[in-house]
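# fold the following, please.
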Amino acid sequence: MQQRTIGNRAVSAIGFGGMPISIEGRPDEARAISTIHAALDAGVTLIDTADAYHRDAAEVGHNEELIARALRSYGHDTSDVLVATKGGHLRPGDGSWTVNGDPEYLKRAAKASARRLGVDAIGLYQFHRPDPGIPYADSVGALRDLLDEGAIVMAGISNATVAQIDLANEVLGGRLASVQNQFSPAFRSSLDELRHCAKLGIAFLPWSPLGGIGRAAAVGEHHAAFQDVATKHGVSPQQVTLAWELALAPVVIPIPGASRPSSVEDSVQAVDLKLSDEEIATLSDATA
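All right, here's what the predicted structure looks like:
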């Protein structure tokens, strides 16, 4: 598969988002494992997770542990796979989400994630979401400390503004490796952040790149321009969506979620779909 770069690490141009296989409506473990294995078979070398990707209160880190089991059971070399996880966003188990950007909490959370993943150092650790009760620089300072002590190899942020990207990069001494924001045909308000990352050479990882759970399967119904291009090329509108995002900047690495092998197998084909400049412009101008 085509590759792109996070920091100094080459990864597949399409990643795998693990959230759908651990939250509400998740598949049984056998299908979840087979979905991860399908991603690996297809050449995916970036897997995205978080300690908050779980359903019930007592299963923090469910997705991290599931991914670790899938990698161990794969039966082939996985040394080239980068597992990116996040901390600072929590699910109490009642369906709600909370935040905790306390630096000491983030350091403990990162080390707990490393234990669940079975690694000495996390390949890419990302601050999941700003905590309005904690100065942003203090939260990112925890990632700087984790980098300095070797507990993580690369640091990233998620759900960030342009100003927060610059602040994080400053706190990290120019070592900000990635920004993970929501971006899709339906959600384009992170376009400024995408462009800023492209200018700085920082990887931009769109989460919910197909519109999120409940919308991904019907992206062509919601966005006629994407369906029109898909029909012209004889491919799915999901492939067109991912190909469009890849075309926006060489730092973009979409991380579509999946809960069945067939979804992964369709998504990864987007790297081979060549859109014309006119098609890219049409899709970029289409009403969200």
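# quick one, helices of the stretch 51-200 of the chain?
Secondary structure of the stretch 51-200 of the chain (DSSP state H, counting those that start in this stretch): helices at 62-72, 103-117, 136-149, 162-171, 191-200.
# could I get those as a markdown table with distance to Glu265, mean pLDDT and mean neighbour count?
Where C-beta positions appear, they are placed from N, C-alpha and C, glycine not excepted. Output for these, formatted as a markdown table (distance: least, C-beta to C-beta, whole Å; pLDDT from 0 to 100; neighbours: other C-beta atoms under 10 Å):
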| stretch | distance to Glu265 | mean pLDDT | mean neighbour count |
| --- | --- | --- | --- |
| helix 62-72 | 16 | 98 | 21 |
| helix 103-117 | 25 | 98 | 18 |
| helix 136-149 | 34 | 98 | 19 |
| helix 162-171 | 33 | 98 | 17 |
| helix 191-200 | 26 | 98 | 17 |
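# what about the stretch 151-288 of the chain, any weak spots by pLDDT?
Applying pLDDT under 70 to the stretch 151-288 of the chain flags residues 287-288.
# can you give me the strands for it?
In the stretch 151-288 of the chain, the segments counted as strands under DSSP state E, counting those that start in this stretch are 152-158, 176-180, 203-204.
# quick check: which of the ones you listed is nearest to His76?
Closest to His76 of the strands of the stretch 151-288 of the chain, according to C-beta to C-beta: strand 152-158, at 22.1 Å.
# residues near the closest residue to Leu146 other than its chain neighbours, how many?
The shortest distance from Leu146 to any non-neighbouring residue, by C-beta to C-beta, 6 or more residues apart in numbering, is to Ile152 (4.5 Å). A total of 25 residues lie near Ile152 under the criterion other C-beta atoms under 10 Å.
# shouldn't Ile152 be in contact with Gln126?
No - the pair Ile152 / Gln126 is not scored as a contact, 9.5 Å apart, by C-beta atoms under 8 Å.
# buried set for stretch 200-216?
Within stretch 200-216, the residues scored as buried using 16 or more other C-beta atoms under 10 Å are 202-212, 215-216.
# sorry, back to before: got a list of what the residue nearest to Leu146 touches?
The contact partners of Ile152, taken as C-beta atoms under 8 Å, 6 or more residues apart in numbering, are Ala110, Ala121, Ile122, Gly123, Leu124, Tyr125, Leu143, Leu146.
# ok, back up a step: can you redo the helices of the stretch 51-200 of the chain as JSON lines with distance to Ser267?
Output for these, formatted as JSON lines (distance: least, C-beta to C-beta, whole Å):
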{"stretch": "helix 62-72", "distance to Ser267": "17"}
{"stretch": "helix 103-117", "distance to Ser267": "23"}
{"stretch": "helix 136-149", "distance to Ser267": "29"}
{"stretch": "helix 162-171", "distance to Ser267": "26"}
{"stretch": "helix 191-200", "distance to Ser267": "19"}
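# and the gap between the closest residue to Ser190 other than its chain neighbours and Trp207?
Nearest residue to Ser190, sequence neighbours excluded (C-beta to C-beta, 6+ apart): Asn181, at 4.0 Å. Look at Asn181 and Trp207: by C-beta to C-beta, to the nearest Å, they are 7 Å apart.
# good, wrapping up.
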